[in-house]
Structures are given as structure tokens and as C-alpha cells.
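Peer 1: Sequence first, predicted coordinates after that:
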Amino acid sequence: MKPIIDHLQITVKDLEVAEKFYDRFLPVIGFDINRKVKASIKEHDFDVIEYTHDLLAFAITSPREAFRNDSINRRKPGALHHLAFKANTRKEVDEAYIKLVEIGANIVAAPQIYQEYSPDYYAVYFKDPENIKYEIVCTVEL
């Protein structure tokens with residue numbers, strides 16, 4: 001077995017707001033928006049929007065009604081701290097950064113080298129409208 005992720009499903013507070021952001025963000029990293037599907041799973045009390053790609057399915061999900069007013073905090077136990085997407089080159093990171101700015105992503109840190117991780121760690125950090133943190137990273141020197 002290889003440690004390959006098949007799919008990710010992230011709960012968001014407002015599915016409608018999140019969908020607008022992810023419809024613009026996910027094509028930046030290679031998703032085809034035409035492969036998006038929506039479903040309502042009554043047995044599990046959630047609605048889901050799934051963006052499919054040959055390498056990964058990424059889904060956003062509505063919260064259970066009991067948790068609808070909870071705040072999102074990446075430092076809570078069990079929470080997603082951040083999710084990093086791999087770029088092949090620093091140029092891809094830079095190009096993604098320009099697109100992220102265009103779509104209105106909340107940029108935490110513009111592309112730069114993070115020596116504290118490694119001499120070749122080049123990344124941009126950003127958040128979605130609900131404060132979920134993401135990264136696009138290249139770890140090869142070019």
C-alpha cells in the first residue's frame with residue numbers, strides 16, 4: 001500500500017459561500033469545475049459538494065445543525081491545521097499566487113523561501129472565506 005490520499009472532505013460553516021470560493025480556487029490547482037457534483041446525504045445529516053480529479057476528490061460539507069454556530073479554529077484538537085498542495089516548480093507557486101489574489105483569497109504570506117523548513121521550501125499561504133488555511137509549496141530548487 002502507498003500513502004496516497006483518495007479524497008478529502010472538509011466541513012464548512014456556509015456551503016453556499018464556500019462553493020463560490022472553491023469554484024474559483026480549485027481550478028488554480030488543476031481541478032475541472034465541470035466535474036463537480038452535489039448531493040444531500042440525509043442519513044448523515046449533510047449536504048456535500050465534491051470536486052473530482054483523477055488524483056484526488058475534494059469535497060466541502062455542511063455542518064450538522066448542532067455545530068452550525070461553532071467557530072473554525074485550526075488549533076482545536078481534531079481540526080485540520082492546514083492543507084498543502086504540491087507544486088512542481090517555484091514558477092507554479094508564483095502563478096498560483098497571482099490567481100489567488102485575483103479570486104480574492106486571504107493571503108497569509110506571499111511566496112517566499114521558508115528556511116526553517118528547508119533551504120528549498122518555497123510556499124504561499126492563504127485562507128478561504130471561513131479561515132481554513134491552505135498552502136501551495138514547491139520543495140525543489142530551480
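Peer 2: In hand now; what should we look at? These numbers come from a predicted model, not from an experiment. Residues are numbered from 1 along each chain as shown.
Peer 1: going forward, measure contacts and count neighbours with C-alpha atoms only.
Peer 2: Fine.
Peer 1: ok, Ile41 to Leu15 distance?
Peer 2: Separation of Ile41 from Leu15 (Cα to Cα, to the nearest Å): 14 Å.
Peer 1: Neighbour count: these two, which is higher?
Peer 2: More neighbours surround Leu15 than the other of Ile41 and Leu15, with 17 against 10 (other Cα atoms under 10 Å).
Peer 1: And the pLDDT at the more buried one?
Peer 2: You'll see Leu15 listed with a pLDDT of 94.
Peer 1: Lys38 versus that one, what's the distance?
Peer 2: The gap separating Leu15 from Lys38 is 11 Å, by Cα to Cα.
Peer 1: who touches the longest helix seen in the chain?
Peer 2: For the chain, the helix that runs over the most residues, judged by DSSP state H, is helix 90-103. Contacts with helix 90-103, where a contact means Cα atoms under 8 Å, 6 or more residues apart in numbering, come from 21, 24-25, 28-29, 87, 107, 110-111, 122-124, 136-138, 141-142.
Peer 1: quick one: secondary structure of the most far-flung residue of the chain relative to its centre?
Peer 2: No residue in the chain sits farther from the centre than Glu43, which is 26.1 Å out by Cα atoms, centre = their mean. State at Glu43, reduced to three classes by DSSP: H, G, I helix; E, B strand; the rest coil: helix.
Peer 1: do Lys20 as well
Peer 2: From three-state DSSP, the assignment for Lys20 is helix.
Peer 1: gap between it and Arg35?
Peer 2: 15 Å.
Peer 1: And His81, by the same measure?
Peer 2: Separation of His81 from Arg35 (Cα to Cα) stands at 27 Å.
Peer 1: quick one, which of these two is more surrounded?
Peer 2: Between His81 and Arg35, counted using other Cα under 10 Å, His81 has the larger neighbour count: 13 against 10.
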